[in-house]
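Chemist: Got a sequence here, can you build the structure:
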Amino acid sequence: MLDFSDRLDQLATGVLTRDRAHRGQRNNLSGQTAEAAVLRTYKARGATFIAERYRNAAGEIDVIVQQNGVYIIAEVKSAATFDAALARITPRQVARIYAAAEAFILTTPEGAFAEVRCDAALVDGQGQVQILEGALLPY
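Modeler: Predicted coordinates for the structure are as follows:
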């Protein structure tokens, strides 16, 4: 275990910054891998790809697909277990997702009349995907 002076040395030499950058890069790659697995699952179910990591002023949506005329907004979370992944979705995130989804929907041909579903797309440590349809309800 590092003592306080060792931590200060790490800060001064940039070791912590590199560690954080590495961790951030690893998390980003893990997220991309999980999103790719989720997209494959939706494709296998007959959905059409719309967007991945869609951003607007309101926030970000991990995955957007369309199936049978319904726009599906999916928040992708990965963890060792499905339960742990689900626990990572916070009420604050759901609120941001809804705000981003509202802004996105207004850009579609159907506009405010579009049918929308918000799913939790979970990926476990084995790479298995579980889609909880309609699980992201506003708080």
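
Chemist: mind listing the strands for this protein?
Modeler: Using DSSP state E, the strands of the chain run over residues 48-56, 59-67, 70-78, 115-123, 129-132.

Chemist: list the buried ones in the fourth one?
Modeler: To tie it back to what came earlier, the one meant is strand 115-123. In terms of neighbour count (16 or more other Cβ atoms under 10 Å), strand 115-123 has its buried residues at 116, 118-123. Glycine gets a C-beta too; all of them are placed from N, C-alpha and C.

Chemist: tell me the contacts of the residue nearest the centre of the chain?
Modeler: Centroid-nearest residue in the chain, with Cα atoms, centre = their mean: Val76, separated by 3.5 Å. Val76 makes contacts with 31, 34-35, 38, 62-63, 121-123, as judged by Cβ atoms under 8 Å, 6 or more residues apart in numbering.

Chemist: returning to what we had before: can you tell me which of the strands of the chain is packed in deepest?
Modeler: Mean neighbour count (mean count of other Cβ atoms under 10 Å) peaks for strand 70-78 among the strands of the chain, with a mean of 22.
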